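Student: need coordinates for the below:
(one chain, ligands or ions: 1)
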Amino acid sequence: MELVFNDLCVHADKKQILNDVSGVAYPGQLLAIMGPSGAGKTTLLNAIAGRLPVTSGEISLDGVPVNKAARRKICYVLQQDIFFPNLTLHETLNFTAMIRLPDSMSRTEKLKKVDDIVEALDLTKCLDTVIGDMWIRGLSGGEKKRANIACELITDPTMILLDEPTSGLDYSTAYSLIQTLKVYAKVHMKTVIATIHQPSSYIFYQFDTLLLISEGQLAYYGATNKVTEFFVRAEIPMDSHYNPADYMLEKLKEDEKTRQKIISTAYEMRKDDDWPKELQKTGAESNIKTTERSDKGNTNVLKKYKKIGSQDKVNDEVRVSLVNLDEDDQEVERDSKKTAKWPSGFITQYTQITIRTFRNSKSLIFSKLKMIETIILCVLISLIWFQLPRVEETLRDRMGVIFYMSMHWGFTPLFDTVTSFPSERIVINKERSSGWYRLSSYYLAKMTSELPLILLQPIFFITIVYWSVGLNGVTAFFATLGTIFIHSITGQSIGLFLGIACMDIRKAMTIATVFIMAFMLLGGFYTRHLPSWLFWVKYLSFLHYTYHALMLIEFQDGPQVQCAVQTSISESQFYSCANNATHIPSAEVLQHYGITWSYWQYICPLFIFIVVFRLAGYLTLRFIQKPH
Ligand SMILES: Nc1ncnc2c1ncn2[C@@H]1O[C@H](COP(=O)(O)OP(=O)(O)OP(=O)(O)O)[C@@H](O)[C@H]1O
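Tutor: Here you go, the predicted model:
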């Protein structure tokens, strides 16, 4: 596809970043966007990709003004290589193919597509290597960059935009990457545009066309091999031994006079015969032209153009045409929304994201360190409270075990999730802003894929601790396990919300710690006599409900607690023991500790916590933490 951008102006914060930048990118060719740092290269790429609003000017693909539907054929390779580090390249590419290719393609066809891209980008050798990051060794810088490009090429875009694809690569890797892109563009007739920073002269001449910008203004547009002639024309001829890329940037930064010479020569070039035909027309004419070409159904407007007499009329008609262009654009958008808003269906997206999140979280939640932590805690608790006798003297120890279980299995999933979300935020934002999947399928997949991992953890712990301490029988064991499951899901839901709301691990951890400490202190475990004005706070603590539910399970149907031996200096707090009974009835123990509700009255608030925090997390992601 031929991309034409004419007289593009972009403003941000009332500052003009691009000023009348024009150029054409042809199919099968590589266009380099160069310029000193801060010249506006990334801004131009963002404007072409539709990620930044354009103040004025026009962008068209094959003569049709770009709209949302056309932009789906453009892929954008970001400067940073953003991936899940624990997945292998094969897993990453397969996921991308499954989710970004339409459901109408079979699994075999999608996998074939992956194989083709892998071969074209020479990635076969590292398919089973994990992507890696600064802590995990994985793909090399060049391989990661190719992987990044491969993820975009899978959708078979007609145009590829790359932001500094060679940054951070050594010369030979950068050269081989540009070579690969050149061959790919030629063979598949793709249009490739890349911003590039100080390339070597070999790399520089791999590009067919060059667009040079300085402080947002066009400093050169034309064939790469004609740039030396251009500098002769600007009366600053290049020394032959110089790398042209270095020379151009040096001259643009030398002084304002030299820069102005280059800019004015570039403006003179616009009048040359070999200046692209697509860019030769005035803004008004070009608007009419593109409308004529694009708007097949808009015959009324076309008829009006034929009647144009004066320039004023032209301008009026242009305004009409722009309104109609807008309407046309909206119509295309409406149509495309109806047909294919997302590349794949909800079920495909949900299944694929679930598998990926499961694979990625598995290593985080089930690390060796976690296993060691659980074993040490089990041994420690068993040693402290091994086979507790069911007597009045050890009642507080029994409560201690129950309190510890509820605290540990509420806070572990809470902290695991608080830390997991901000670290995957960058990947999710990249994928969401490129429209890979629905937020709802991601969110549902995230909630369900981590569930088995979070629930598996307490099984081992509870089974060992429950029987080694000697808590209430078999039925109560399963009831305890079920309650701990609900409790862990509550902790996970709160952690997920905090992670989403903060999007920053340190901030999220601080808030989570304050949250937990406050609920522990105010939940009524450490003090039985809270100030009356703080009494209500315990009802906000999910620990309060779980702890009371577990106490109920432990004492309601269990064997009675034996009274302590009475002495003259100690008197039992329990009425039955003080009145010479040998055992304390369960109801009295529960009454003594303020457990007056039924089991389900304690459990229902946990379900409310789950629903409220999960919903809040979704709404925060949808309306507040949107990708930029
Ligand atoms: N949102 C914004 N508000 C204000 N100024 C902005 C904004 N975005 C970009 N700029 C400014 O616009 C100019 C061009 O930025 P851009 O990132 O496009 O430059 P660049 O040529 O890609 O630079 P580099 O090579 O250093 O990446 C810079 O001076 C930058 O500070």
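Student: show the average pLDDT along stretch 381-398.
Tutor: On average, the pLDDT along stretch 381-398 is 92.
Student: now do the contacts for Ser37.
Tutor: His197 (Cβ atoms under 8 Å, 6 or more residues apart in numbering). Placement of C-beta: from N, CA and C, glycine included.
Student: could I get the pLDDT score of the residue positioned nearest the centre of the chain?
Tutor: In the chain, the centroid-proximal residue (Cα atoms, centre = their mean) is Ile428; its distance is 1.5 Å. pLDDT for Ile428: 91.
Student: did I read that right, it in a helix?
Tutor: Yes. Counting by DSSP: H, G, I helix; E, B strand; the rest coil, Ile428 falls inside a helix.
Student: quick one: contacts for the spatially closest residue to it that is not a sequence neighbour?
Tutor: Spatial nearest neighbour of Ile428, chain neighbours left out: Tyr442 (6.7 Å); criterion: Cβ to Cβ, 6 or more residues apart in numbering. Tyr442 makes contacts with 349, 353, 428, 432, as judged by Cβ under 8 Å, 6+ apart.
Student: now distance to the ligand and secondary structure too, for the residues you listed, in JSON lines please.
Tutor: Shown next, in JSON lines, are the contacts of Tyr442 (distance: Cβ to the nearest ligand atom, whole Å; DSSP: H, G, I helix; E, B strand; the rest coil):
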{"residue": "Gln349", "distance to the ligand": "32", "secondary structure": "helix"}
{"residue": "Ile353", "distance to the ligand": "31", "secondary structure": "helix"}
{"residue": "Ile428", "distance to the ligand": "22", "secondary structure": "helix"}
{"residue": "Arg432", "distance to the ligand": "20", "secondary structure": "helix"}
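Student: what's the farthest-apart pair in the residues you listed?
Tutor: Longest distance between any two of the contacts of Tyr442 is 12.9 Å, between Gln349 and Ile428; criterion Cβ to Cβ.
Student: give me the number of residues near whatever residue of the stretch 251-400 of the chain ends up closest to the ligand?
Tutor: Proximity of the stretch 251-400 of the chain to the ligand (Cβ to the nearest ligand atom) peaks at Leu252, 11.5 Å away. Leu252: 22 surrounding residues under other Cβ atoms under 10 Å.
Student: can you show me the strands along the stretch 201-350 of the chain?
Tutor: Here the stretch 201-350 of the chain has its strands, by DSSP state E, counting those that start in this stretch, at 209-214, 217-223.
Student: so what's the closest residue to the ligand within the stretch 351-500 of the chain scoring on pLDDT?
Tutor: Nearest residue of the stretch 351-500 of the chain to the ligand (Cβ to the nearest ligand atom) works out as Ser433 at 15.7 Å. Per-residue pLDDT puts Ser433 at 83.
Student: for the residue nearest to it when sequence neighbours are not counted, helix, strand, or coil?
Tutor: Leaving aside its sequence neighbours, Ser433 sits nearest to Pro627 (Cβ to Cβ, 6+ apart; 4.0 Å). Secondary structure for Pro627, judged by three-state DSSP, is coil.
Student: how near is Pro627 to Lys186?
Tutor: 34 Å (Cβ to Cβ, to the nearest Å).
Student: contact residues of the chain facing the ligand?
Tutor: Counting by Cβ under 6 Å from any ligand atom, the residues of the chain close to the ligand are 12-13, 15, 17, 35, 37-43, 197.
Student: apply 5 Å and report the result again.
Tutor: 12-13, 17, 37-43 (Cβ under 5 Å from any ligand atom).
Student: mind putting the residues you listed in CSV, distance to Pro276 and pLDDT included?
Tutor: As requested, the residues of the chain next to the ligand are exported to CSV (distance: Cβ to Cβ, whole Å; pLDDT from 0 to 100):
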residue, distance to Pro276, pLDDT
Ala12, 28, 86
Asp13, 32, 82
Ile17, 23, 92
Ser37, 28, 90
Gly38, 27, 89
Ala39, 21, 92
Gly40, 20, 92
Lys41, 20, 93
Thr42, 23, 92
Thr43, 22, 93
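Student: helices of the stretch 351-500 of the chain, start to end?
Tutor: Secondary structure of the stretch 351-500 of the chain (DSSP state H, counting those that start in this stretch): helices at 368-385, 395-433, 439-449, 451-469, 474-502.
Student: actually the stretch 51-200 of the chain, not the one I wrote
Tutor: For the stretch 51-200 of the chain, applying DSSP H, counting those that start in this stretch gives helices covering 68-71, 89-100, 107-120, 141-153, 171-188.
Student: same thing with the stretch 201-350 of the chain?
Tutor: Under DSSP H, counting those that start in this stretch, the stretch 201-350 of the chain gives helices at 201-204, 227-233, 244-254, 256-269, 277-280, 283-294, 299-306, 311-340, 346-365.
Student: could you list the residues in contact with the fifth one?
Tutor: Same thing as helix 277-280. Contact with helix 277-280 is made by 2, 4, 6, 22-24, 270, as judged by Cβ under 8 Å, 6+ apart.
Student: strands - which of those residues land there?
Tutor: Judged by DSSP state E, the contacts of helix 277-280 include 4, 6, 22-24 as members of strands.
Student: of the residues you listed, just the buried ones, PyMOL syntax please.
Tutor: In PyMOL syntax, the buried subset of the ones in strands among the contacts of helix 277-280 is picked out as below (16 or more other Cβ atoms under 10 Å):
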select buried, resi 4+6+22+23+24
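Student: pLDDT for the ones in strands among the contacts of helix 277-280 - can I get that in JSON lines?
Tutor: Output for the ones in strands among the contacts of helix 277-280, formatted as JSON lines (pLDDT from 0 to 100):
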{"residue": "Val4", "pLDDT": "91"}
{"residue": "Asn6", "pLDDT": "89"}
{"residue": "Ser22", "pLDDT": "91"}
{"residue": "Gly23", "pLDDT": "92"}
{"residue": "Val24", "pLDDT": "93"}
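Student: from the ones in strands among the contacts of helix 277-280, which single one is nearest Asn86?
Tutor: Gly23 (40.9 Å).
Student: would you confirm that that closest one contacts Leu31?
Tutor: Yes. Gly23 is within contact range of Leu31, at 7.1 Å (criterion: Cβ atoms under 8 Å).
Student: what is in contact with the two at once?
Tutor: In contact with both Gly23 and Leu31: 209, 211, using Cβ under 8 Å, 6+ apart.
Student: give me the low-pLDDT residue ranges for the stretch 501-628 of the chain?
Tutor: 523-525, 527-528, 567-570, 628 (pLDDT under 70).
Student: show me where it has helices.
Tutor: 505-522, 542-556, 575-578, 586-592, 599-619.
Student: chain center to the fourth one: distance?
Tutor: This points to helix 586-592. When distances are taken as Cα atoms, centre = their mean, to the nearest Å, helix 586-592 is centred 51 Å away from the chain's centroid.
Student: buried residues in that helix?
Tutor: The neighbour-count check on helix 586-592 (16+ other Cβ under 10 Å) flags 586, 588-590 as buried.
Student: packing partners for it?
Tutor: Judged by 3 or more Cβ pairs under 8 Å, 6 or more residues apart in numbering; DSSP states H and E, helix 586-592 is in contact with helix 542-556.
Student: tally of neighbours for Gln625?
Tutor: Residues within reach of Gln625, counting by other Cβ under 10 Å, total 16.
Student: which residues does it contact?
Tutor: 425, 500-501, 503.
Student: Lys113 too?
Tutor: Going by Cβ under 8 Å, 6+ apart, Lys113 touches 97, 101, 105, 154, 156.
Student: could you say which of the helices of the stretch 501-628 of the chain is packed most deeply?
Tutor: Greatest average neighbour count among those goes to helix 542-556 (a mean of 24), per mean count of other Cβ atoms under 10 Å.
Student: quick one: least confident helix or strand in the protein?
Tutor: In the chain, no helix or strand scores lower on mean pLDDT, DSSP states H and E than helix 299-306, which sits at a mean of 34.
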